[in-house]
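Enquirer: Attaching a predicted model along with its sequence, questions to come.
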Amino acid sequence: MGERWCAAVLRVLVLQALAWALAGGQVRYSVAEEAKAGTVVGRLAQDLGLEAGEAEARRLRLVAPGRRASVEVSGASGALLVSSRLDREELCGKSAPCALRLEVLLERPLRVFHVQLEVTDINDNAPVFPAARKNLSIAELSVLGSRFPLEGASDADIGANAQLSYTLSPSEHFSLDLERSEEYRESLFLVLTKSLDRETIPVHRLVLTASDGGRPSLTGTMELVISVEDANDNAPQFNQTVYKVQLPENATEGTFVARVNATDPDLGSNGEVTFSVSNTFPEKGINIFLLNAKTGEIHLAGIVDYEEARLYEIQIEARDKGMPPLSGHCKVVLEVLDVNDNAPEVWVTSLSVPVAEDASVGTVVALLSVSDRDSGENGRVRCWVWPASPFGLEATFAGSYSLVLREALDRERVSEYEVEVRAEDGGAPALRASRGLRVPVSDVNDNAPAFAQAVYTRVLFFLCGISTRVG
């Protein structure tokens, strides 16, 4: 403020009261506002044609020595002086020019003179905005070139001192446009120059500066706080495009399978995400897996069987609640892990019985098929015959065996065999199966008749015509 006053004093020295006599005895002076007390506005006595000392003798004075005018007449010199602070804005507001009408009284004889005092403006008022801060809300999807009206600043000064220009702090998204009109008050607009992205910059803070045309120029500022209103311009995004999960086939109902996660950077309903299953392969998976629409958690709702389906693909959609809604997608690939839940199976595909007792070693008695629905070690089967004699197993190709004769048969010694083909897989613990076979042995004429003893002795008695065998 001290600098302003110094400037005012300098102006007073330059604009030192210029007076001139007008018709009808009116005198006009000019003085700059903010002139210091004691500053000479004009040599009033001299301009009224009074001789030296006459102003004091005839009591030259203001009729209303006034507080409003803030000037007084010096009794000794007859000069019009500044008596207190002159504020043009306080005296005249925005009126221009600011002319004060004074009455000067001269006694002995009584005369009245009219004095017009013009208070000239200095740049002692900075521009002032209606508020130090203005909050704006602008839609995220506003088109480029959109204009948003701003209330400009005001300056209590007049003329060039009140001629305002505006600048905006550096921004790649906004600029200013000032429309001037001779007929209307100037209009100030904030102009959108680059598309907004709330997710990148949710709030823009700018400083609007108003500068007047004074020398030196004075400035005022207002902070612009621009909140970007969210639009549904982001689709939900999964943190993985493919989720890979493994699940043992003996998992029980309710087992946690996986949790998918999707985020949407929008606000409110635009960012509220729900999940749904859009497709499964195989199709029956739709009834086996249960997806929580809110949390994205997947639980087992049925039974998975490695032997029926080793892999499931579940297509999941995440959809927000914007208008219109946007969606994202991911895939859950579920690998079913085999467990040893299937015992080997043994089938007799062909049985050739009875077997002749003179059948040669290597004769095929039966054809068998052995399988296990499990995989890996769980499905790897070893087979054997019990009891081991007189038959054995020979593998023909994977899963097929022949029951063959390993030893000569003797029907007279063993006429029928109960054979058991046993199978065991490689699981831990191992599972077993068996198949029983009845193999009868057919007779061949391989034995001559044999007497109980080699020599028979007979004694014959003849008595009275009757023969009797003894011995």
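Expert: Thanks, I have it.

Enquirer: Would you map the strands across the stretch 151-300 of the chain?
Expert: Per DSSP state E, counting those that start in this stretch, the stretch 151-300 of the chain carries strands over the ranges 165-168, 174-179, 187-192, 203-211, 219-229, 237-238, 242-248, 256-259, 262-263, 273-281, 289-291, 297-300.

Enquirer: right, and those - which one's nearest V365?
Expert: Smallest distance to V365 across those (C-beta to C-beta): 41.0 Å, for strand 242-248. Glycine gets a C-beta too; all of them are placed from N, C-alpha and C.

Enquirer: what about A35, distance to E72?
Expert: 13 Å (C-beta to C-beta, to the nearest Å).

Enquirer: do the same with I303
Expert: 110 Å.

Enquirer: okay if I get the strands of the stretch 151-300 of the chain as TSV plus distance to G399?
Expert: Compiled in TSV, the strands of the stretch 151-300 of the chain are given as follows (distance: least, C-beta to C-beta, whole Å):
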stretch	distance to G399
strand 165-168	84
strand 174-179	78
strand 187-192	76
strand 203-211	72
strand 219-229	70
strand 237-238	44
strand 242-248	25
strand 256-259	34
strand 262-263	47
strand 273-281	30
strand 289-291	34
strand 297-300	32
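
Enquirer: To A450, which of those strands lies closest?
Expert: That would be strand 242-248 among those, by C-beta to C-beta, at 68.3 Å.

Enquirer: Report the contact partners of the residue lying closest to R382 once chain neighbours are set aside.
Expert: Distances taken as C-beta to C-beta, 6 or more residues apart in numbering put E424 closest to R382, at 5.8 Å, once the chain neighbours are dropped. E424 makes contact with P344, V381, R382, A430, L431, R432, according to C-beta atoms under 8 Å, 6 or more residues apart in numbering.

Enquirer: can you tell me which of those residues are in strands?
Expert: Counted as lying in strands by DSSP state E, out of these, are V381, R382, R432.

Enquirer: and the residues you listed, which are buried?
Expert: Those of those that meet the buried threshold are V381, by 16 or more other C-beta atoms under 10 Å.

Enquirer: Now flag whichever of the ones in strands among the contacts of E424 is closest to V444.
Expert: R382 (35.4 Å).

Enquirer: quick one: the closest one from D341, how far?
Expert: 19 Å.

Enquirer: quick one: contacts of stretch 255-264?
Expert: Contacting residues not belonging to stretch 255-264 are listed as 234-240, 243, 245, 247, 270-273, 275, 289, 295-300, 316, 318, 320, 326, 328, 330, 332, 334 [C-beta under 8 Å, 6+ apart].

Enquirer: on that earlier part again, give me the more crowded residue out of A35 and E72.
Expert: Higher neighbour count among A35 and E72: A35, with 28 against 19, using other C-beta atoms under 10 Å.

Enquirer: any idea how far that one lies from Y29?
Expert: The value you get for A35 to Y29, if C-beta to C-beta is used, is 11 Å.

Enquirer: Identify the contacts common to those two.
Expert: Contacts common to A35 and Y29, judged by C-beta under 8 Å, 6+ apart, are V41.

Enquirer: residues near L150, how many?
Expert: Neighbourhood size, L150 [other C-beta under 10 Å]: 21.

Enquirer: now swap in the one 3 residues further on and tell me
Expert: The criterion is other C-beta under 10 Å. On that basis, A153 has 22 neighbouring residues.

Enquirer: Can you give the domain ranges for this structure?
Expert: Split into domains by automatic domain parsing, the chain comes to 2-120, 133-229, 237-337, 345-442.

Enquirer: Same list as before, those domains that is, but in JSON lines and with mean pLDDT and distance to T457 included.
Expert: Shown next, in JSON lines, are the domains of the chain (pLDDT from 0 to 100; distance: least, C-beta to C-beta, whole Å):
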{"stretch": "domain 2-120", "mean pLDDT": "74", "distance to T457": "170"}
{"stretch": "domain 133-229", "mean pLDDT": "93", "distance to T457": "126"}
{"stretch": "domain 237-337", "mean pLDDT": "95", "distance to T457": "79"}
{"stretch": "domain 345-442", "mean pLDDT": "90", "distance to T457": "30"}
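
Enquirer: a markdown table please, covering those domains and showing distance to V455.
Expert: Below are the domains of the chain laid out as a markdown table (distance: least, C-beta to C-beta, whole Å):
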| stretch | distance to V455 |
| --- | --- |
| domain 2-120 | 166 |
| domain 133-229 | 122 |
| domain 237-337 | 74 |
| domain 345-442 | 25 |
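
Enquirer: Could you point out which of the ones you listed sits nearest A454?
Expert: Comparing the domains of the chain under C-beta to C-beta, the one sitting nearest is domain 345-442, at 21.0 Å.

Enquirer: Might one say that G328 is in contact with E317?
Expert: Yes - with contact defined as C-beta atoms under 8 Å, G328 reaches E317; the gap is 7.4 Å.

Enquirer: In three-state terms, label the closest residue to P325 other than its chain neighbours for me.
Expert: Excluding its sequence neighbours, the residue lying closest to P325 (C-beta to C-beta, 6+ apart) is R319, at 5.2 Å. The local conformation at R319, judged by DSSP: H, G, I helix; E, B strand; the rest coil, is strand.

Enquirer: who are the neighbours in contact with R319?
Expert: P236, V273, T274, S276, P325, L326, S327.

Enquirer: Tell me the spacing between it and V273.
Expert: 7 Å.

Enquirer: tell me, what's touching these two both at once?
Expert: Contacts common to R319 and V273, judged by C-beta under 8 Å, 6+ apart, are P236.

Enquirer: neighbours around R215, how many?
Expert: Neighbour count of R215, defined by other C-beta under 10 Å: 9.

Enquirer: Just give the nearest non-adjacent residue to it, would you?
Expert: Nearest non-adjacent residue to R215, counting by C-beta to C-beta, 6+ apart: N123, 7.0 Å away.

Enquirer: On the pLDDT front, check that neighbour for me.
Expert: pLDDT, N123: 87.

Enquirer: Number the chain from 21, please
Expert: In the new count, where the first residue is 21, that last one comes out as N143.

Enquirer: Just the closest of the contacts of R339 to V381, please.
Expert: S296 (68.9 Å).

Enquirer: Thank you kindly, that will do.
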